[in-house]
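Novice: Predicted structure and sequence below. I'll ask about it afterward.
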Amino acid sequence: VAPTTTTVPRLPTATGVDPEECRIRDARETRLQPYSVGFPLSQVDTPSTGNLNVFLIPIDFSDAEGSVDQFDAAQEQIGLLNGWIDFHSRSALTFNWVFPRQWFRMPRSSADYGIADLLTDIERAWEFASDGIAAADPSVDFTDNQFVYFLLPETIEHIATGFGHFSALVFSDEGRIPKFFSGGKFFYGVSYKGIPRQLWSLWAHETGHTLGLAGHAPVNVAGIDYVAPSTHLMDNQSGDSQILSAWDQWLLGWMPEEEVYCLPSSGLDETDVDLTPLELPPSGYRAAMVPLSETTVIVVESRRPEGYTIPGDTGGSGVLVYLVDTTKDNDRTGGGQGLAKERFAEFVSPQGNPFLKVGQSVTVAGATVTYIQSDGEGDVVRITRTSLPTTTLGPTTTLGPTTTLGPTGDPQNNLVAGCGWFWSWC
């Protein structure tokens, strides 16, 4: 549940510019997936405003029967997703749910579908979804559907992770079902910390992609090839935070201009900015952005282990600084080994933990961000120009600049949806 306290941050010590200058363009020449890393959104499959029809369809199997006792828990997951959407979109987006509280029997056993992970087999995923839609079609009107989620029994064994697709050729009596997703056995388990995983955050993550977000960045500290513990929902929906990063909120238009402090490095001398944590209700500035060029921008955000964030492995409290470079895309081929490879955004931190501690500084292309103050209401950062801007955009923390690894493997744009933990493409 989102917290209800309010804060009244101080004004910056230097006047910012029109936040439009912080809407840097998506400049990828090679795209590994269709969703956006910059402006404007290149592909939007689900509107980020309005009242949308979404469906939760319970399907079961002869070898995994559903129980009516599961429906109350599913309704609770719906409520949690509604709350998350309301908090992040400022009530601009709402879901009109169709949730028939009955199980629709699939024509084959779950084992008979012949694959434990349907996320890497598009045709099999379409077949699976087609059978689910056909089973429900006599009882459900799928008119004007924006998304269909399938609810699997908690007893499911043979579908390990789930199945999904965002541009499917699956049809109901009322027309096409282009977007569907479901979570399998994994999402009825617990994390290594013993915390139950949630279906609602899976739905939020996958819906986030169809809203237009590439997601899955930043995930690593520049100079470190391995991924850091997750700090935002579009990295890992089962991580320590279900908050959308400031950059993702900015891309979707869910962060108003008056909450973004924008000051290009070319006009930067020194300024102190008071930031309200993303987990708290909107008040004052929630992000500071320093454009370095037409395709790079430093983003600074404040965070707290409240609401949609728990303390977790990083502590969840303090300031995050990351560099967005919209000439890059996400190369996730190293995910199975925990390698970040190329991402369109990287954290800048003097240690493996992406959160800065009070008193620490990081420098990117002549712009230095110093974390100077923290209290229960927010954080204060000082942004200074320590040298004239140059074309060298790599971070200059004590870890040194990151090694740039080009994308490998086949294009990752088949839109078979997946989730952060098992590194399927989404």
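Specialist: On my side now, so go ahead.

Novice: going forward, measure contacts between C-alpha atoms and count neighbours the same way
Specialist: Noted.

Novice: mind listing the strands in the stretch 1-150 of the chain by residue range?
Specialist: Per DSSP state E, counting those that start in this stretch, the stretch 1-150 of the chain carries strands over the ranges 50-60, 93-98, 104-105, 145-151.

Novice: Just send those back as TSV, with distance to residue 261 too.
Specialist: Below are the strands of the stretch 1-150 of the chain laid out as TSV (distance: least, CA to CA, whole Å):
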stretch	distance to residue 261
strand 50-60	27
strand 93-98	25
strand 104-105	51
strand 145-151	34
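
Novice: closest to residue 273 out of those strands?
Specialist: For the strands of the stretch 1-150 of the chain, distance to residue 273 was read as CA to CA. The smallest value, 29.7 Å, belongs to strand 93-98.

Novice: Put the alpha carbons of that closest one into PDB.
Specialist: C-alpha atoms of strand 93-98 as PDB (Å, rounded to 0.1, in the frame of the first residue of the first chain):
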ATOM      1  CA  LEU A  93      -5.000   4.700 -16.300                       C
ATOM      2  CA  THR A  94      -7.600   2.300 -14.900                       C
ATOM      3  CA  PHE A  95      -8.400  -1.300 -15.700                       C
ATOM      4  CA  ASN A  96     -12.000  -2.600 -16.100                       C
ATOM      5  CA  TRP A  97     -11.600  -6.300 -15.100                       C
ATOM      6  CA  VAL A  98     -13.500  -9.200 -16.500                       C
END
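
Novice: residue closest to the middle of this structure?
Specialist: Per CA atoms, centre = their mean, the C-alpha nearest to the average position across the chain is that of residue 234, at 1.5 Å.

Novice: At which residues are the helices of the chain located?
Specialist: Taking DSSP state H as the criterion, the chain contains helices spanning 70-89, 122-136, 199-210, 246-252.

Novice: Tell me the confidence at residue 11?
Specialist: Reported pLDDT at residue 11 in the predicted model: 78.

Novice: Identify the residues contacting it.
Specialist: 273-274 (CA atoms under 8 Å, 6 or more residues apart in numbering).

Novice: Could you do residue 99 as well?
Specialist: 55-57.

Novice: rewinding a little: for my notes, please list the helices of the chain in a markdown table and give distance to residue 372 for each entry.
Specialist: As requested, the helices of the chain are exported to a markdown table (distance: least, CA to CA, whole Å):
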| stretch | distance to residue 372 |
| --- | --- |
| helix 70-89 | 27 |
| helix 122-136 | 50 |
| helix 199-210 | 33 |
| helix 246-252 | 20 |
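
Novice: weakest of those helices in terms of mean pLDDT?
Specialist: Sorting these by mean pLDDT places helix 122-136 lowest, at a mean of 93.

Novice: what about stretch 223-232, average pLDDT?
Specialist: pLDDT averaged over stretch 223-232 equals 92, rounded to a whole number.

Novice: In the stretch 51-200 of the chain, where is pLDDT below threshold?
Specialist: In the prediction, the stretch 51-200 of the chain carries residues with pLDDT under 70 at positions 114-120.

Novice: Of the contacts of residue 99, which is the nearest to residue 196?
Specialist: For these, the minimum distance to residue 196 (CA to CA) is 20.3 Å, reached by residue 56.

Novice: who does the closest one bridge with?
Specialist: The residues paired with residue 56 through beta bridges, assigned by DSSP bridges, are residue 149.

Novice: residues near it, how many?
Specialist: Neighbouring residues of residue 56 were enumerated by other CA atoms under 10 Å; the total is 21.

Novice: quick one: contacts for it?
Specialist: Counted by CA under 8 Å, 6+ apart, residue 56 has contacts 97-100, 148-151.

Novice: now with 6 Å?
Specialist: Neighbour list for residue 56: 99, 149-150 [criterion: CA atoms under 6 Å, 6 or more residues apart in numbering].

Novice: would you turn these into CSV with distance to residue 256?
Specialist: Output for the contacts of residue 56, formatted as CSV (distance: CA to CA, whole Å):
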residue, distance to residue 256
99, 33
149, 30
150, 33
